[in-house]
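Asker: The following block contains a protein sequence and its predicted model.
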Amino acid sequence: MVDSVGSDYPLVVIVGPTASGKSALAVNLGECFGGEIVNYDSVQLYRGFDIGSGKPLPHERRGVPHHLIDVAEPSQVFTAGDYRCAALKVLDSIRERRNLPILVGGTGLYLRALLLGLFDGPPRSQDLRARLAACADQTRGGRPYLHRLLGRLDPASATRIHSRDTQKIIRALEVCLLARRPMSTMLARGRRGLRGFRPIKIGLNPNRAQLRDRIDRRVEQMFAGGLISEAQAALARPEAPDTKALGALGYRQACLALRGQISKEEAIRQAQAATRQYAKRQLTWFRRESDVVWFTGFGDKPEVQAQVHD
């Protein structure tokens, strides 16, 4: 339990690559300091996506409350803005109970949206995005045309966004068309970051060779534990075409195996390679976070946990 209820309420933030033991460290801190865990992994939000997301099992949570796990249907769109709104409500409720909030996950965009805020843009329009995406998918001139259009509507954003980055081009055009003003001018007004909390950032930086071995074993265990069956169940649902989580690491490769495009063994190899690359990107992303205290090792190791406690 936390004594202070002032404007700088402590908030523990755990960052690091996948398979580095972030969840185990979060549970340890929750047990020792009266904490409640707030997930910021984009796949763990969805019901039915347990094995491939590394969702902690009930016995692994050891009685520590976990929030923002299994809160969305597979077909539901859950943006960074949606996450921020949900997380703010959870953080306020934890503070009211005077417990210690502990953020843990792997989706850096969600964490940044919560801590730094988002620009005040218009809500997403699935219809407009679908039309822009269809234009981008045209064999000739689709994506270059969209980038040229962005150059006319918002030259500053067109300069900043690469001509091959379809997702960012579509979002910038969506904002321009819905708000009737350039996205760059809206970004220039700044963002409103998290208020009333004092983030205490803990980073895990394990040995690279050991991390690679852990990732490979973890992927093997996921496939042995029923990842393909879990993906098959998700594919059998009517909303499967709209299920974004099926494109996540592990699920994407499992779906390829189910369709007969690759063997199970190749699916495992591809998932391992993709997860290792993802871990590298995570470290690069989290290295940009300010005021992180980094610890060498894995978060499930007693010696690392002892160092964090100190």
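Answerer: It's in. Worth saying up front: this structure is predicted, and the values here are computed from it rather than measured.

Asker: ok, which stretches of the stretch 201-310 of the chain are strands?
Answerer: Applying DSSP state E, counting those that start in this stretch to the stretch 201-310 of the chain gives strands spanning 292-296.

Asker: Quick one: the helices in it, in order.
Answerer: 208-224, 227-235, 251-258, 264-287, 302-309 (DSSP state H, counting those that start in this stretch).

Asker: and of those, who's closest to Val15?
Answerer: Between Val15 and the helices of the stretch 201-310 of the chain, the shortest separation by C-beta to C-beta is 4.2 Å, and it involves helix 264-287. Where C-beta positions appear, they are placed from N, C-alpha and C, glycine not excepted.

Asker: Mind listing residues that contact that closest one?
Answerer: The contact list for helix 264-287 (C-beta atoms under 8 Å, 6 or more residues apart in numbering) reads 15-20, 106, 108, 203, 205, 211-212, 215-216, 218-220, 222-223, 228, 249-250, 252-254, 256-257, 262, 292.

Asker: Stretch 220-227 too?
Answerer: Ile51, Gly52, Gly54, Gly250, Tyr251, Ala254, Lys264, Ala267, Ile268, Ala271, Gln272.

Asker: pull the helix or strand with minimum mean pLDDT from this structure.
Answerer: Least confident helix or strand, the chain: helix 183-188 with a mean of 81, by mean pLDDT, DSSP states H and E.

Asker: Buried residues in that one, which are they?
Answerer: Met183, Ser184, Met186, Leu187 (16 or more other C-beta atoms under 10 Å).

Asker: Let me know the closest of these to Leu100.
Answerer: Using C-beta to C-beta, the buried residues of helix 183-188 come closest to Leu100 at Leu187, 33.5 Å.

Asker: So which residues of the stretch 1-150 of the chain form strands?
Answerer: Using DSSP E, counting those that start in this stretch, strands in the stretch 1-150 of the chain cover 9-15, 35-39, 66-67, 100-104.

Asker: Nearest to Asp137, out of those strands?
Answerer: Closest among the strands of the stretch 1-150 of the chain, once you apply C-beta to C-beta, is strand 35-39, at 33.2 Å.

Asker: what lines up beside that closest one in the sheet?
Answerer: Here strand 35-39 is paired, per DSSP bridges, with strand 66-67 (parallel), strand 100-104 (parallel).

Asker: quick check, distance from the longest one to the centre of its chain.
Answerer: Spelled out, that is strand 100-104. 15 Å (C-alpha atoms, centre = their mean, to the nearest Å).

Asker: With stretch 232-240 instead?
Answerer: Counting by C-alpha atoms, centre = their mean, stretch 232-240 comes out at 22 Å from the chain centroid.
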